[in-house]
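Enquirer: Build me a model from this:
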Amino acid sequence: MPNPRTWTLPPDLDTAVSAALREWTKERKVERLWARDANLWTGGSEASWLGWLEIVDKQLRRVDELRRVAEDVRQAGFTHALLLGMGGSSLCPEVLRMTFGALPGWPELSVLDSTDPAQVRAAEAKVDLGRTVFIVSSKSGTTLEPNIFKQYFFERVTHTLGAGKAGGHFVAITDPGSKLEQAARADGFRHVLFGLPSIGGRYSALSDFGMGPAAIMGLDVPRLLGAAHEMARACRASAAEDNPGAALGAILGVLGNRGRDKVTLVASPGIHDLGAWLEQLLAESTGKRGKGLIPVDREPLVPPERYGQDRLFVYLRLRTAPDAAQDRAVAGLESAGQPVVRIDVSDPYQIAAEFFRWEFATAVAGAILGIDPFDQPDVEASKVVTRRLTDEVERTGRLPAETPFLEADGIRLFADPRNAAELVAGGRTLAGVLRAHLGRIRPGDYAALLAYVEMTGAHEAALQVMRTHLRDRHRVATCVGFGPRFLHSTGQAYKGGPNTGVFLQITCDDAQELPVPGQRYGFGVVKAAQARGDFEVLAERGRRALRVHLGADVAAGLRGLGRAVEQAIG
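Expert: Have a look, this model is predicted:
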């Protein structure tokens, strides 16, 4: 286990972190955390959400069961595995897929966590329906997205193979007794794997929600769990400075309380997708009650003088495949006095150790921030609005009408009355409204681009260009999220965390709708309802938010928006 003392902080912050670590040691807070003492946080329901503390030992005792499931899937001749999930049920499998790729002789894993019709079609096009096992993953069994994904692909497989044969192509991962378990039994699913009710979605990586897909794609699950076991044992150290989870958590919490709340993640290329999992863990766990950590993932590094004073940099360095440019950039940040935490990852299988380290650290940070790190009230608020809108579609066949406050250059602009009144003051052009909106960015803020479009390399590249312009012009942290997946991740912090975000939501017309079997609506309508629900709650929370609606040609729309952003901030 690497020495946990791998951070470089300015003197005042180092003193504050050292004091926090001494307090945790003196007051035996590590032992209290392992004893599930809810008074470390708010004294509420926290004790009932700490099942992740012992999950590694439980999983090590049942690896043979996971092996049997995986071997059965392989022997059945499946060449692909498509995981259908959102947030905590999809992000760990995505990290595993992006880190390890396809293993010879095992099904190639891919993940669908978007209701964008083009994204659903693209996921289907990548697999052979007759030789694919579909992993429906939902803790509660009531989450909208996995349920409609299941409806769609169950019908598609039935159409391909014939009545009564689809169930053998499906595996469920859910909590015992859920509606998904009931549906899986009724439909004759091949296997049902279970999570623990005492583990929330974002803390579930080492449960079957992560280890089930890991086994099915052919990974060495005992090796993953062994790495996590070593980290869990290290995180029992009562001396907080020697405890890798407690030390990281103290840094996150203390610096968060002192305005260094933009946790900027730098990861070696071989483990770069770990940042997507960390985004959810940090943002959804800590972003509430006006407090929280804002994770910044995949933002290109720049020289130290171009950053403000609100950052904490965390460098996850893969020892077997480091990036020389990242090494130089991080060294430059340290020399310039920016706070930096270095985490040495000896090989890709050690990401399982990082799952546990960061879960423990997030719990510690939550205690220092004074919040409950296991609830997500503002995620639920968006779901309520989405359900209201989809229920209306079921009744009327369409979403409620909406009127833009401005239409310019083929782009429609939407905002609540308060934001709209502020934005038209900049002029009734696209660039003028953007200038007024982005001009509201202040030092210590962050800018977030929230795009409800298909997640492709080209679309992400266009958004990355926009974020770098915003970062360089305003010297603020920037975030990019694809909807609706970020709703189950960073969306909690955007709505419930500090009111320091300036949001540009991007929606589009869908070139072709894709019906959801058994419903009056299609995937595009669900996506639109989710975007509108997201925006409504942002407005209710008093956030600075603007929605830009592109046409059906998303690539052209993003190019036009990019030009307007450059003009607005030039």
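Enquirer: Tell me how far residue 389 lies from residue 115.
Expert: 13 Å (Cβ to Cβ, to the nearest Å). Heads up, the C-betas are built off the backbone N, CA and C, glycines and all.
Enquirer: my bad, should have said residue 268
Expert: Separation of residue 268 from residue 115 (Cβ to Cβ) stands at 32 Å.
Enquirer: coming back round to it: residue 389 and residue 115: which has the busier surroundings?
Expert: Per other Cβ atoms under 10 Å, whichever of residue 389 and residue 115 has more neighbours is residue 115, with 28 against 21.
Enquirer: Surely that one is in a helix?
Expert: No: counting by DSSP: H, G, I helix; E, B strand; the rest coil, residue 115 is not found in a helix; it is coil.
Enquirer: hang on, isn't it packed against residue 530?
Expert: Yes: under the criterion of Cβ atoms under 8 Å, residue 115 makes contact with residue 530 at 6.7 Å.
Enquirer: Helix or strand: which one has residue 359?
Expert: helix 351-369 (DSSP states H and E).
Enquirer: Give the other helices and strands that the helix or strand following that helix contacts.
Expert: Next helix or strand after helix 351-369 toward the C-terminus (DSSP H and E): helix 377-396. Judged by 3 or more Cβ pairs under 8 Å, 6 or more residues apart in numbering; DSSP states H and E, helix 377-396 is in contact with helix 144-161, helix 491-496, helix 523-540.
Enquirer: so what strands line up beside the helix or strand just after the first one?
Expert: Using DSSP H and E, the helix or strand that follows helix 144-161 in sequence is strand 170-174. Here strand 170-174 has these sheet partners by DSSP bridges: strand 132-137 (parallel), strand 191-194 (parallel).
Enquirer: would TSV of the ones you listed with mean pLDDT be doable?
Expert: Output for these, formatted as TSV (pLDDT from 0 to 100):
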stretch	mean pLDDT
strand 132-137	98
strand 191-194	98
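Enquirer: Would you reformat these as TSV and include distance to residue 274 and mean neighbour count?
Expert: As requested, the strands paired with strand 170-174 are arranged in TSV below (distance: least, Cβ to Cβ, whole Å; neighbours: other Cβ atoms under 10 Å):
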stretch	distance to residue 274	mean neighbour count
strand 132-137	19	28
strand 191-194	23	20
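Enquirer: among these, which is nearest residue 96?
Expert: Evaluated over those, closeness to residue 96 peaks at strand 132-137, with 12.1 Å, by Cβ to Cβ.
Enquirer: what are the C-alpha coordinates of that closest one, in CSV please?
Expert: In CSV, the C-alpha atoms belonging to strand 132-137 read as follows (Å, rounded to 0.1, in the frame of the first residue of the first chain):
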residue,chain,number,x,y,z
THR,A,132,-25.9,-10.5,-26.7
VAL,A,133,-26.7,-10.8,-23.0
PHE,A,134,-28.4,-7.7,-21.7
ILE,A,135,-27.7,-6.7,-18.1
VAL,A,136,-30.5,-4.7,-16.7
SER,A,137,-29.1,-2.9,-13.6
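Enquirer: give me the low-pLDDT residue ranges for the stretch 151-300 of the chain?
Expert: The model of the stretch 151-300 of the chain has no residue with pLDDT under 70.
Enquirer: Can you give me the neighbour number for the closest residue to residue 418 other than its chain neighbours?
Expert: Once flanking residues are discounted, residue 418 sits nearest to residue 539: 7.5 Å by Cβ to Cβ, 6 or more residues apart in numbering. By other Cβ under 10 Å, the residues close to residue 539 number 18.
Enquirer: got a list of what residue 539 touches?
Expert: 415, 416, 418, 419, 545 (Cβ atoms under 8 Å, 6 or more residues apart in numbering).
Enquirer: which non-adjacent residue is nearest residue 99?
Expert: Sequence neighbours aside, residue 348 is the residue nearest to residue 99 in space, at 5.2 Å (criterion: Cβ to Cβ, 6+ apart).
Enquirer: I'd assumed residue 98 was in contact with that neighbour.
Expert: No: Residue 348 is not in contact with residue 98 according to Cβ under 8 Å; the separation is 10.4 Å.
Enquirer: Name the residue in these two with the higher neighbour count.
Expert: Per other Cβ under 10 Å, whichever of residue 348 and residue 98 has more neighbours is residue 348, with 20 against 16.
Enquirer: Next up, the contacts around the more buried one.
Expert: Per Cβ under 8 Å, 6+ apart, neighbours of residue 348: 99, 100, 270, 271, 318, 320.
Enquirer: Filter these down to just the ones in strands.
Expert: If you go by DSSP state E, the contacts of residue 348 have residue 318 in strands.
Enquirer: Please indicate which of the contacts of residue 348 are buried?
Expert: Buried members of the contacts of residue 348, counted by 16 or more other Cβ atoms under 10 Å: 99, 100, 270, 271, 318.
Enquirer: Next one: the third one from residue 321, what distance?
Expert: When Cβ to Cβ is applied, the distance between residue 270 and residue 321 equals 5 Å.
Enquirer: And for the fourth one?
Expert: Using Cβ to Cβ, one gets 9 Å for the distance from residue 271 to residue 321.
Enquirer: Export the strands paired with strand 170-174 as JSON lines, with columns for distance to residue 402.
Expert: Output for these, formatted as JSON lines (distance: least, Cβ to Cβ, whole Å):
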{"stretch": "strand 132-137", "distance to residue 402": "33"}
{"stretch": "strand 191-194", "distance to residue 402": "41"}
